[in-house]
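# Below is the structure, and that's it, no one-letter string:
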């Protein structure tokens with residue numbers, strides 16, 4: 001599975017690492033992804049998702065059903 005947040009779609013970013021002598025090399029800035037088990041009240045079960053930490057914070061504000069609907073994810077298939 002690729003390193004992509006299942007709700008927000010966040011993924012890695014290409015960037016440059018710049019040394020003290022200003023030598024530039026390519027690096028990859030990965031998203032901070034965590035596996036989370038979240039209680040889904042409508043389905044009366046836990047759902048396991050790979051989420052960015054920003055999505056976890058937003059999830060507490062919006063709720064799982066509303067956030068999944070906005071992202072276009074069917075929680076019944078997970």
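Perfect, I can see it now. All figures in this text were calculated on a predicted structure; none of them were measured in a lab.
# Residue 38 against residue 45, yeah?
No: using C-beta atoms under 8 Å, residue 38 is not in contact with residue 45; the gap is 10.1 Å. C-beta coordinates here come from the backbone N, C-alpha and C atoms, glycine included.
# more crowded one of those two?
residue 38 (16 against 11; other C-beta atoms under 10 Å).
# give me phi/psi at the residue in the chain sticking out farthest from the centre?
Relative to the centre of the chain, and counting by C-alpha atoms, centre = their mean, the farthest-placed residue is residue 21 at 34.9 Å. Note on residue 21: backbone dihedrals following degrees, to the nearest 10 are phi -80, psi 10.
# Now residue 28: which helix or strand?
strand 24-29 (DSSP states H and E).
# Distance from the next helix or strand after that strand to the middle of the chain?
Next in sequence after strand 24-29, counting helices and strands by DSSP H and E, comes strand 33-40. Distance of strand 33-40 from its chain centroid, counting by C-alpha atoms, centre = their mean, to the nearest Å, is 10 Å.
# Show me which residues of strand 33-40 are buried.
By neighbour count on 16 or more other C-beta atoms under 10 Å, the buried set for strand 33-40 is 33, 36, 38, 40.
# so what's the third one bridging to?
Here residue 38 shows beta-bridge partners residue 47, assigned using DSSP bridges.
# Enumerate every residue touching it.
46, 47, 48, 49, 59, 64 (C-beta atoms under 8 Å, 6 or more residues apart in numbering).
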